[in-house]
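Engineer: Here is the input, now give the coordinates:
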Amino acid sequence: MADTEIFSSNNFIWTMIEEDLRNKDLKVHTRFPPEPNGYLHIGHAKSICLNFGTAAKYSGLCNLRFDDTNPSKEEVEYVESIQQDVKWLGFDWDDRRFYASDYFEKLYEYAVRLIRAGKAYVCDLTPQEMKEYRGTLTEPGRESPYRNRSVAENLELFEQMRSGEFPDGSRVLRAKIDMASPNVNMRDPVLYRILRANHHRTGDNWCIYPMYDYAHPLSDAIEGITHSICTLEFEDHRPLYEWVLEAGQHENRPKQIEFARLNLNYTVMSKRKLRELVEQGCVEGWDDPRMPTISGLRRRGYTPESIRDFCDRIGVAKSNSVVDFALLEHCIREDLNARAPRVMVVLRPLKIVIDNYPAGQSEELEAENNPENPAMGSRKIPFSREIYIEQEDFMEDPPKKFFRLAPGQEVRLKHAYIIKCEQVIKDEQTGEIVELHCTYDPETKSGEAASGRKVKGTLHWVSAAEAVKGQVRLYEQLFSKDNPEEGDDYKANLNPDSLEVLTGCLLEPSLNGAAAGSRYQFLRQGYFYLERNTSGVPVFNRIVSLRDSWAKMQKG
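Structural biologist: Numbering: from 1, shown residues only. So this is what the prediction gives:
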């Protein structure tokens, strides 16, 4: 595991575990139990860090278990992506990868045991009738007319369900608990349903499948889990979790502990809604860099260290809240600040000709790779008569306090010289500015004794002759609203400007041949990730801009 201390401060779950350790002799054993019906998102990362981190803290074990009890929505693709995400985050389950489907035969045997004990029955009510019989939060439910079938009849019907003698959805196996319970989850919940669907592991061997609330506690118990850590929405399901274990007379009784799930603004965290975005073509796929999926964050350029740091900072709480996305961005900035090399890239080029710089001459200038980390050394960058700057760094008629380039105004070129704008060249037909003519002061070379003359603006640039062409993708929030689920349709809040693709970008030559997967700070622009570098055209994704609103909020 990458880091034993995933959470730097104690939390209420650890307090409960430590109380258990004082009162009984046990080895802490947790599990991360995803359903393989989609890709994992940043909320799952919190659960991964908590479960694996808790096991590590107490020198215990953590299993990876796929709760694959709904074959109609599960795919091998999701199984593989989940394993990749967990390992990328820095965790390993060793030889403890399990599936609920490993236990299908045992789960069936436990169900037969419940029937024999008079604690489960086969019910013929339709789903709509079952809903009507269930009652409401203020009114008790009514008993099914099939509730008092004999044990022998229930055993025979359940066996026929398994044998495929009934149509899908025509019968279910229900627990016999209490139809008047104030907790509606205890009103004779469904344990098994008939479903003909090919399972990614068991094929067509089964046509009945256990429900999550039945399979989950028994899978925990079979694996010897001591603490079943789950999100807050399962708090009302805890009595059923405990009933299943007690009614099945299982020796191992894991303790279920709930914590608040992660909610981020400008984001939806429902796997169903994320699937809709993928299937309806609103995004490129599950790993679209705008998605809150772990694979999307990885493709955008986030590091596992930054995500673990984020999970540490938000901590573990008992009540739900919304975390500001700016905190996640702050974590990746903090991580990359000391280790990402600085480079110069011009996203929207504007040509400059330095008239008094000798034609045909070129020189190499010294540039530090990272001022925050001198050990990263320096590099050489070429300088010549023709260079490019950002279009937004020039204004023909600037307002006050515009300290970049303007007619008659001076700026310093980073690592180079001070230049002054002398002439503006425009397209005769469109009036668009196409070129600037400037002069430079040869006495102001950066790093030399006479370079102390001060000007207010410093610009990044690239030499025209040696510049490398590249593509840059600028990502913004996928949703334009703080709470995307406000309103009738969350998709109406999709941000139409969440992606801008720039194809004419110019990069300093040190990036020629850079390896895919590298991360850089583009000076004055932000942090960027080299997703691929094929056919001589590097493609960069913007991870995050340089503006850190979270840090400003903390100072405020």
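Engineer: three-state assignment of residue 503?
Structural biologist: Using DSSP: H, G, I helix; E, B strand; the rest coil, the structure places residue 503 in strand.
Engineer: what about it, neighbour count?
Structural biologist: Neighbourhood size, residue 503 [other Cβ atoms under 10 Å]: 10. All C-beta spots, glycine's among them, are computed from the backbone N, C-alpha and C.
Engineer: Just give the closest residue to it, not the sequence neighbours.
Structural biologist: Excluding its sequence neighbours, the residue lying closest to residue 503 (Cβ to Cβ, 6 or more residues apart in numbering) is residue 471, at 5.3 Å.
Engineer: and if you look at residue 372?
Structural biologist: Once flanking residues are discounted, residue 372 sits nearest to residue 338: 4.9 Å by Cβ to Cβ, 6+ apart.
Engineer: With residue 62 instead?
Structural biologist: Among residues not flanking residue 62 along the chain, residue 55 sits closest, at 3.8 Å (Cβ to Cβ, 6+ apart).
Engineer: thinking the one you found is in contact with residue 30, fair?
Structural biologist: Yes - counting by Cβ atoms under 8 Å, residue 55 touches residue 30, with 4.9 Å between them.
Engineer: Those two - which one has more neighbours?
Structural biologist: Neighbours per residue (other Cβ under 10 Å) separate residue 55 from residue 30, with residue 30 holding more: 27 against 24.
Engineer: Tell me the bridge partners for that one.
Structural biologist: Note on residue 30: beta-bridge partners residue 62, judged by DSSP bridges.
Engineer: do the same with residue 499
Structural biologist: Going by DSSP bridges, residue 499 is paired in beta bridges with residue 475.
Engineer: Next: residue 479.
Structural biologist: In beta-bridge terms (that is, DSSP bridges), residue 479 pairs with residue 494.
Engineer: can you check residue 526 too?
Structural biologist: Beta-bridge pairing for residue 526 (DSSP bridges): residue 522, residue 545.
Engineer: let's number from 455 now, not from 1
Structural biologist: Let's use 455 as the start, then, which means that last one is residue 980.
Engineer: Could you list which residues are in contact with it?
Structural biologist: 996, 997, 998, 999, 1000 (Cβ atoms under 8 Å, 6 or more residues apart in numbering).
Engineer: Pull up the gap between the last one and residue 977, please.
Structural biologist: This points to residue 1000. According to Cβ to Cβ, to the nearest Å, residue 1000 and residue 977 sit 9 Å apart.
Engineer: And these two? Which one has more around it.
Structural biologist: Taking neighbours as other Cβ under 10 Å, residue 1000 and residue 977 compare with residue 977 leading, 19 against 13.
Engineer: Any stretches of the stretch 455-604 of the chain with poor pLDDT?
Structural biologist: Low-confidence segments of the stretch 455-604 of the chain (pLDDT under 70): 455-463.
Engineer: Mind giving me the packing neighbours of the host helix or strand of residue 926?
Structural biologist: Assessed by DSSP states H and E, residue 926 sits inside strand 922-929. Using 3 or more Cβ pairs under 8 Å, 6 or more residues apart in numbering; DSSP states H and E, the elements in contact with strand 922-929 are strand 953-961, strand 991-999.
Engineer: For the residue lying closest to residue 814 once chain neighbours are set aside, grab the count of nearby residues.
Structural biologist: Once flanking residues are discounted, residue 814 sits nearest to residue 839: 7.8 Å by Cβ to Cβ, 6+ apart. For residue 839, the neighbour count with other Cβ under 10 Å is 19.
Engineer: Repeat that for residue 1008.
Structural biologist: Neighbour tally, residue 1008, other Cβ under 10 Å: 10.
Engineer: quick one, what contacts it?
Structural biologist: Residue 1008 touches nothing, counting by Cβ under 8 Å, 6+ apart.
Engineer: Alright, that wraps it up for me.
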